[in-house]
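Asker: Any chance you can model this:
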Amino acid sequence: MKRFDNRTVLISGGSGAMGLSIARRLMHEGAQVVLADLVAPQAAQLDALFGDGPRPQWVALDVTRPEAWEQAVAFVLQRFDRLDVLVNNAGVVMKDSHPIDELPLEEWRRVFSINVDGALLGLQAAMRTMKRQTAGGAIVNLGSIASFVGSRDAGAYGASKAAVTNLTKQAAISAARLGYKVRVNAVHPGYVWTPLIESKLIAQFGSLEAAQQAVRGMNPMGDIVTTDDVAAAVAFLASDDGRMMTGADLVIDGGRLIQ
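Answerer: This next block holds a predicted model:
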């Protein structure tokens with residue numbers, strides 16, 4: 001499928017495993033992709049994912065700064081003259097575990113500044129451009145199943161993703177009612193297997209096999225959620241296949257949330 005021929009995509013948090021996987025999927029379907037992050041992706045990562053084929057471009061972005069978002073969008077427009085898709089992928093987890101009554105305010109603010117403020121600033125910058133385009137555009141926010149449930153000691157992360165969930169709906173209805181032709185949806189991954197998670201779990205469980213078995217045991221479907229699974233969901237929502245979807249939550253978790 002070439003659902004993204006002649007379409008331009010901006011991905012925040014683009015240098016991480018999730019951002020790169022999304023970029024590969026959309027480029028495979030014809031997109032021109034710009035990765036936005038604090039640091040550029042490593043050459044070895046790009047070699048492994050894209051081989052001798054076309055590479056995504058990169059622009060520096062601090063998602064907490066409105067002017068940085070404006071510069072990133074301007075970079076896209078300068079090169080491609082349009083912005084069709086924004087993937088609000090940048091996000092952080094808590095540095096340490098904290099019971100809610102011992103959660104430091106500075107950690108709460110750090111998580112919210114990136115996960116929530118960053119998502120708001122991104123969709124604002126993108127929407128201001130997309131609403132002027134005849135074809136409009138699509139915005140996909142990366143949430144988490146943590147937004148739908150409580151936790152013992154990760155309250156800042158879960159609350160921030162819950163805010164992203166509702167922000168998605170606020171932006172979706174605002175854009176629709178104002179006739180912007182901009183759709184806004186959210187993808188909510190479960191526990192996703194990434195190189196960072198792999199190294200942490202091998203250290204915890206003692207081997208790759210034991211780590212994978214533990215993760216499979218989390219999900220009723222008995223399998224592991226990968227970055228490619230999430231990328232496929234993003235591609236669907238950002239494409240014309242999802243043209244009548246806005247304000248929606250797409251959960252990719254192997255059934256974990258419903259057990």
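Asker: Number of residues surrounding the nearest residue to residue 147 once chain neighbours are set aside?
Answerer: Of all residues not flanking residue 147 in the chain, residue 161 sits nearest, at 3.7 Å (C-beta to C-beta, 6 or more residues apart in numbering). In short, each C-beta sits where N, CA and C put it, glycine included. When counting by other C-beta atoms under 10 Å, one arrives at 24 neighbours for residue 161.
Asker: okay but residue 222 is in contact with residue 216, surely?
Answerer: Yes. Taking C-beta atoms under 8 Å as the definition, residue 222 is a contact partner of residue 216 at 5.3 Å.
Asker: how far away is residue 252 from residue 229?
Answerer: Between residue 252 and residue 229 the computed distance is 5 Å (C-beta to C-beta, to the nearest Å).
Asker: okay, and the common contacts of those two?
Answerer: Common contacts of residue 252 and residue 229, defined by C-beta atoms under 8 Å, 6 or more residues apart in numbering, comprise residue 189.
Asker: re the thing from before, name the helix or strand for the residue nearest to residue 147, please.
Answerer: helix 155-177 (DSSP states H and E).
Asker: buried ones in that helix?
Answerer: By 16 or more other C-beta atoms under 10 Å, the buried positions in helix 155-177 come out as 155-165, 167-169, 171-172, 175.
Asker: again, but for stretch 111-120
Answerer: 111-112, 114-120.
Asker: With distance to residue 211, secondary structure and pLDDT as new columns, can those residues be given to me in a markdown table?
Answerer: Formatted as a markdown table, these follow (distance: C-beta to C-beta, whole Å; DSSP: H, G, I helix; E, B strand; the rest coil; pLDDT from 0 to 100):
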| residue | distance to residue 211 | secondary structure | pLDDT |
| --- | --- | --- | --- |
| 111 | 26 | helix | 98 |
| 112 | 31 | helix | 98 |
| 114 | 27 | helix | 98 |
| 115 | 26 | helix | 98 |
| 116 | 31 | helix | 98 |
| 117 | 34 | helix | 98 |
| 118 | 30 | helix | 98 |
| 119 | 30 | helix | 98 |
| 120 | 35 | helix | 98 |
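Asker: Could you list the low-pLDDT ranges of the stretch 1-150 of the chain?
Answerer: Across the stretch 1-150 of the chain, no stretch falls below the confidence threshold (pLDDT under 70).
Asker: Tell me the one among the buried residues of stretch 111-120 nearest to residue 14.
Answerer: Residue 14 lies nearest to residue 118 out of the buried residues of stretch 111-120, by C-beta to C-beta, at 13.0 Å.
Asker: The closest residue to the closest one other than its chain neighbours: which element?
Answerer: Computed as C-beta to C-beta, 6+ apart, the closest residue to residue 118 that is not its neighbour in sequence is residue 63, at 3.2 Å. In this assignment (DSSP H and E), residue 63 forms part of neither any helix nor any strand.
Asker: What about residue 63, how many residues nearby?
Answerer: 27.
Asker: For it, give its distance to residue 223.
Answerer: Taken as C-beta to C-beta, the span from residue 63 to residue 223 is 31 Å.
Asker: quick one, what contacts the residue nearest to residue 118?
Answerer: Here residue 63 is in contact with 12-13, 69, 90, 114, 117-119, 121-122 (C-beta under 8 Å, 6+ apart).
Asker: That one and residue 125, how far apart?
Answerer: For residue 63, the distance to residue 125 - C-beta to C-beta - is 10 Å.
Asker: what residues are shared contacts of the two?
Answerer: Jointly contacting residue 63 and residue 125 under the rule C-beta under 8 Å, 6+ apart are residue 69.
Asker: Identify the residue nearest the geometric centre of this structure.
Answerer: Centroid-nearest residue in the chain: residue 89, 2.4 Å away (criterion: C-alpha atoms, centre = their mean).
Asker: How about it, nearest residue that isn't a chain neighbour?
Answerer: residue 13 (4.1 Å).
Asker: Quick check: that neighbour vs residue 184, distance?
Answerer: Distance from residue 13 to residue 184, by C-beta to C-beta: 17 Å.
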